[in-house]
Each structure stands twice: as C-alpha cells, then as structure tokens.
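> please work out how this folds:
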Amino acid sequence: MNSERLNPSERPLVLTNARVIDPSRKLDAAGTVIIADGEIVAAGPEADALPRPDGAEIVDCRGKVVMPGLIDMRVFVGEPGAEHRETFASAGHAAAAGGVTTIITMPDTDPVIDDVALVDYIARRTRDTTLVRVMPMAAVTKGLKGREMTEFGLLREAGAVGFTEGRHSITNALVLRRALTYARDFGALIMHHPADPDLTGSGVMNEGETATRLGLSGIPKEAEIIMLERDVRLAALTRGRYHAAQISCAESLEIIRRAKKAGLAISCGVSATHLALNELDIGPYRTFFRLSPPLRSEDDRKAMIEGIADGTIDVIVSSHDPQDVDTKRHPFAEAADGAVGLETLLAVGLRLVNNGEADLLAVARALSTRPADLLGLPGGRLTPGAPADIILVDPAMPWVCDGEKLSSRSKNTPFEGARFEGRVLRTIVAGRTVYAYAAG
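Have a look, this model is predicted:
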C-alpha cells in the first residue's frame with residue numbers, strides 16, 4: 001500500500017441488509033456494518049438502528065456476507081531475489097482479489113529475512129507498492145541454516161510478527177529448544193514446518209499404493225508425525241508458543257488434540273489445498289500438485305476437514321508459493337514443490353461450507369479471527385474500533401478457476417478448471433476499497 005492508501009477512507013461506508021459474520025463474537029446474523037475513519041463503528045443487528053454518518057456511501061448487500069478480511073499466515077513472495085516469480089505488488093493484487101487483507105510473508109528470500117534492516121525494507125517496500133497489509137515473519141536462525149539464532153527482540157521491535165524457517169525444518173532439537181525458550185521471553189510465536197528431511201529424503205509424494213503405481217518415490221507420514229511429536233515435547237519443556245505451519249495427516253491431528261488437552265500453547269494450520277485435494281489428484285503427473293507436505297490420502301483429507309470443523313486446527317493458509325515454468329515444467333520428480341493459492345483460499349473454505357462439512361463461522365474463524373489472535377493483530381474481527389479490513393462475499397456465485405486470469409505472476413495453481421461457488425465482491429482495507437469484482 002502506498003502512503004495515500006494507508007490513510008483511512010475519507011468517506012464513511014454503510015453496508016446494509018447483510019449477513020454479518022464475526023467469529024470473535026460468534027455472530028452470524030442479519031444486520032448492518034458501519035465504517036468511518038478506517039475503523040469499524042458497529043456491525044451486526046445493533047447497527048441497524050444507528051444513525052448513518054454524514055456523506056456515507058450506503059450499499060444494499062441484498063443478503064450477501066460481510067466478514068473480516070482474511071489473514072493468510074503462510075505466504076511466500078519472490079521479492080527480494082526472485083521477483084520474476086512474484087513481487088509484493090503482484091501478491092497484493094492476488095490477495096485483494098481473494099479477500100485476503102493481510103499477508104504474512106516467509107523469510108525464504110534472497111537475502112534471507114534475518115536482519116532488522118531487511119524487516120524494515122519489507123515495511124517500506126510494501127507501504128509503497130502493495131494493496132493489502134504485509135507483515136513479515138523473520139528467520140529463526142541466521143541464513144535459515146539451523147544453527148545460530150537471530151536477534152528475536154530487535155526483529156520483533158522492527159515489525160516481525162513471528163519467527164519461522166519457512167520451508168525448512170530445524171533438525172537440531174537443542175536449537176529449537178533454545179528458540180522456543182528465547183521467543184517465550186518476548187511472547188513471540190515460533191512457526192515450524194514439521195518434516196524430517198532425512199525421512200523425506202528424495203520422496204516426491206505420499207508414500208503408499210498410489211506412489212508405487214505411479215512409480216514415484218514416497219514420503220512417509222512419519223516424516224511429519226515424528227517431527228511434530230518432537231516439537232510438541234519441546235514446547236512442553238520450554239512452555240513456549242509453538243505453531244505447526246501445516247499438518248496433513250490424521251495422526252498429526254491427534255498429536256495436536258492431545259497437546260491442546262494438556263493445556264500447551266500449541267496451534268497448527270492446514271493448507272486449503274490439503275482440504276480440497278488428495279494424492280489421487282496427481283493423476284497424470286501434474287507438477288502443480290507437487291507440494292510440501294505432499295497431498296495425502298482421502299482419509300487424511302477428511303480428517304483435516306474435521307479438524308477445522310471442531311476447531312482443533314486453528315488456521316487455514318494458502319501456502320502461496322509461486323513457481324514459474326523454470327521450476328515446474330519438469331518431470332514430476334524433478335519439479336519444485338509449491339502452488340499459488342491466495343485467490344482460491346476463500347473459495348476452498350466456502351466449498352467446505354457448501355458441502356455441509358463445516359459452518360461458516362468455523363471457516364471464517366480459521367481464515368481471519370484465529371490468525372489475528374495468534375499473531376496479536378487487531379484485525380480479524382468486526383468489533384467497534386477494529387480496523388475496517390473487511391470483505392463482501394457472494395457465497396453462491398459460481399465461477400471457474402482460470403490460471404491465466406490469476407493476478408499472481410506465476411500461474412502454478414492446482415485448481416485449474418476447478419468449479420467453485422462463492423466469490424469476493426469487494427475487499428476493503430483500512431476503510432478503502434482495494435478490489436471490486438467486475439463480471440467478465
């Protein structure tokens with residue numbers, strides 16, 4: 001966002017006749033949302049009778065959904081170092097089109113985000129170029145090498161909202177123990193990718209019958225399960241705040257359930273792709289389906305949905321990871337992991353709702369309110385005084401995903417040709433409209 005866009009809208013906005021969703025209050029009711037000076041004035045049935053601000057734009061939502069803007073906790077952006085795959089500007093356009101009002105960027109860039117000057121660079125760069133809010137996570141270790149810790153305190157003061165190794169896993173248990181202990185003193189969150197690189201080895205998809213039939217080397221679920229079990233025990237030892245960036249199998253979900261039942265400060269996420277697809281979708285060796293963690297079995301996919309429905313899984317992420325033809329147009333075993341997902345994140349969440357697998361409050365909580373809670377952000381809610389980061393959604397609008405029409409610079413979507421029901425009509429950040437759907 002440039003400095004002008006960061007200023008709140010000069011004209012108040014009133015959204016009437018809406019279905020208002022606010023997970024922070026467990027609110028799902030017909031009502032009105034009033035915005036002024038970049039903040040929520042009121043939202044819900046109680047706002048119906050309130051006076052309209054002078055000069056307000058009044059929009060009849062005709063029963064459409066108004067909910068908090070999405071906060072995506074796992075977004076890889078090419079900038080700095082790989083701008084040909086994605087820039088902050090192109091990621092911002094993709095996010096706005098998908099209803100994502102805040103993106104949390106990963107430190108896997110060139111150079112690695114492990115220094116105060118680089119965190120400050122992201123703040124200045126995105127302020128000038130990006131439609132939505134951009135907040136970086138900094139590296140846990142210098143250079144993502146898994147050895148020497150970064151300066152958590154200084155990085156946090158500079159604007160880092162958490163610490164992670166991005167795509168990398170910390171194999172040294174002592175280093176992760178120290179990181180969790182150090183972060184605890186700052187109230188900071190450690191987000192970790194639980195995947196044992198030795199067990200992952202040269203695997204490229206889920207280990208099992210399908211991998212054997214396709215002639216591809218497999219990655220056992222134990223690569224995730226063993227690392228996650230270790231991480232949870234270290235979190236119990238240190239009393240640190242630990243977040244599993246993505247889980248993908250039923251056994252991992254049970255580990256999280258036990259940890260939460262024990263009262264540990266444990267949370268976890270799942271990618272939208274793992275909620276919608278399974279290993280069979282790889283089909284004719286389509287490299288856009290090569291992901292980390294890999295797509296698992298149908299039983300695992302269903303377990304992930306159950307975890308969202310009952311709240312065991314805290315957040316849904318896009319795990320947006322742009323890859324271009326140089327890294328994807330290869331045989332499946334040689335292609336890079338990753339898929340874009342900012343523009344399909346909400347649509348996949350709404351698919352769960354439309355299929356009766358989860359209610360809209362649970363999905364909205366995982367997409368907005370819970371990420372805000374974990375990161376200590378003021379958004380993700382429609383309470384008075386909260387930032388006016390909201391989206392207007394038509395949950396019944398059908399559309400077909402066309403990769404070439406995506407705003408991302410890279411087009412590596414696993415949802416090419418997928419039929420969705422539910423589309424963002426308007427995205428508002430700090431009271432300003434940054435995206436409005438135009439048919440055709």
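> going forward, measure contacts and count neighbours with C-alpha atoms only.
Will do.
> any idea which helix or strand carries residue 118?
helix 116-129 (DSSP states H and E).
> check residue 72 too.
strand 70-75.
> check which element follows that strand along the chain.
helix 88-98.
> beyond that following helix, next helix or strand please.
Per DSSP H and E, helix 88-98 leads on to strand 100-105 as the next helix or strand towards the C-terminus.
> can you list the low-confidence ranges for the chain?
Applying pLDDT under 70 to the chain flags the ranges 1-10, 440.
> domains in it, as residue ranges please.
3-66+388-436, 69-375 (automatic domain parsing).
> between these, which gets nearest to residue 382?
Of all the domains of the chain, domain 3-66+388-436 sits nearest to residue 382, with 5.8 Å by Cα to Cα.
> how far away from the center of its chain is that closest one?
Mean-position distance between domain 3-66+388-436 and its chain equals 18 Å (Cα atoms, centre = their mean, to the nearest Å).
> stretch 150-158 too?
Centre-to-centre, stretch 150-158 and its host chain are 23 Å apart (Cα atoms, centre = their mean).
> same question for stretch 198-209.
Relative to the centre of its chain, stretch 198-209 is centred 25 Å away, using Cα atoms, centre = their mean.
> please could you give me each C-alpha atom of it, formatted as PDB?
C-alpha atoms of stretch 198-209 as PDB (Å, rounded to 0.1, in the frame of the first residue of the first chain):
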ATOM      1  CA  ASP A 198      16.100 -37.400   6.300                       C
ATOM      2  CA  LEU A 199      12.800 -39.400   6.300                       C
ATOM      3  CA  THR A 200      11.600 -37.100   3.400                       C
ATOM      4  CA  GLY A 201      14.700 -38.000   1.500                       C
ATOM      5  CA  SER A 202      14.200 -37.900  -2.200                       C
ATOM      6  CA  GLY A 203      10.400 -38.600  -1.900                       C
ATOM      7  CA  VAL A 204       8.100 -36.500  -4.000                       C
ATOM      8  CA  MET A 205       4.600 -37.600  -3.000                       C
ATOM      9  CA  ASN A 206       2.700 -39.500  -0.200                       C
ATOM     10  CA  GLU A 207       4.200 -43.000   0.400                       C
ATOM     11  CA  GLY A 208       1.700 -45.700  -0.400                       C
ATOM     12  CA  GLU A 209       0.000 -47.700  -3.100                       C
END
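> go ahead and name everything in contact with it.
Outside stretch 198-209, the residues that touch it by Cα atoms under 8 Å, 6 or more residues apart in numbering are 211, 216-223, 279, 290-291, 294-297, 332-333.
> can we see that at 6 Å?
217-220, 223, 294, 296, 333 (Cα atoms under 6 Å, 6 or more residues apart in numbering).
> please apply the same query to stretch 370-382.
Taking Cα under 6 Å, 6+ apart as the rule, stretch 370-382 contacts 22, 24, 68, 368-369, 387.
> so of those, which ones are in strands?
22, 68 (DSSP state E).
> what about the longest helix in the chain?
Determined from DSSP state H, the single longest helix within the chain is helix 222-238.
> the inter-axis angle of the helix holding residue 118 versus strand 100-105?
Angle, helix 116-129 to strand 100-105, by axes from the mean of the first three to the mean of the last three Cα atoms, to 10 degrees: 150 degrees.
> helix or strand right after helix 116-129?
Immediately after helix 116-129, counting by DSSP H and E, sits strand 133-136.
> one step back: export the contacts of stretch 198-209 as TSV, with columns for distance to residue 247, neighbour count and secondary structure.
Below are the contacts of stretch 198-209 laid out as TSV (distance: Cα to Cα, whole Å; neighbours: other Cα atoms under 10 Å; DSSP: H, G, I helix; E, B strand; the rest coil):
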residue	distance to residue 247	neighbour count	secondary structure
217	20	18	coil
218	17	21	strand
219	14	26	strand
220	13	18	coil
223	11	18	helix
294	10	23	coil
296	10	23	coil
333	22	17	helix
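> pull the most distant pair out of those.
The two members of the contacts of stretch 198-209 with the most space between them (Cα to Cα) are 223 and 333, at 18.2 Å.
> from residue 48, how far out is residue 73?
33 Å (Cα to Cα, to the nearest Å).
> neighbour count: those two, which is higher?
Set residue 73 next to residue 48 and count neighbours by other Cα atoms under 10 Å: residue 73 wins out with 29 against 19.
> can you tell me how far that one is from residue 103?
6 Å.
> now the strand holding residue 72: buried residues?
70-75 (16 or more other Cα atoms under 10 Å).
> run through who's touching stretch 133-153.
Here stretch 133-153 makes contact (Cα under 6 Å, 6+ apart) with 102-107, 112-114, 160-165, 170.
> if you could redo that for stretch 58-75, that was the one I meant.
14-21, 99-105, 317, 319-320, 367-368, 380-381, 389-394.
> does residue 160 belong to a helix, a strand or coil?
coil (DSSP: H, G, I helix; E, B strand; the rest coil).
> tell me who's in contact with it.
Shown in contact with residue 160 (Cα under 6 Å, 6+ apart): 136-138.
> top of these by neighbour count?
Of all the contacts of residue 160, residue 138 has the most neighbours under the rule other Cα under 10 Å, reaching 33 neighbours.
> can you tell me the closest non-neighbouring residue to that residue?
residue 163 (4.9 Å; Cα to Cα, 6 or more residues apart in numbering).
> do I have it right that residue 389 meets residue 428?
Yes: assessed by Cα atoms under 6 Å, residue 389 is found in contact with residue 428 at 5.4 Å.
> neighbour count winner among the two?
residue 389 (32 against 25).
> check contacts around the more buried one.
Contacts for residue 389 (Cα under 6 Å, 6+ apart) come out as 69, 428-430.
> in strands only, show me those.
Using DSSP E, the contacts of residue 389 in strands are 428-429.
> which other helices and strands contact the helix or strand just after the longest helix of the chain?
Using DSSP H and E, the helix or strand that directly follows helix 222-238 along the chain is strand 241-244. Secondary-structure packing of strand 241-244 (3 or more Cα pairs under 6 Å, 6 or more residues apart in numbering; DSSP states H and E): strand 189-192, strand 266-271.
> tell me which of these lies nearest to residue 255.
strand 266-271 (10.2 Å).
> residue 178 and residue 409: what is the separation?
38 Å.
> counting neighbours, go ahead and name the busier of the two.
Shown here are residue 178 and residue 409; by other Cα under 10 Å, residue 409 has more neighbours (21 against 15).
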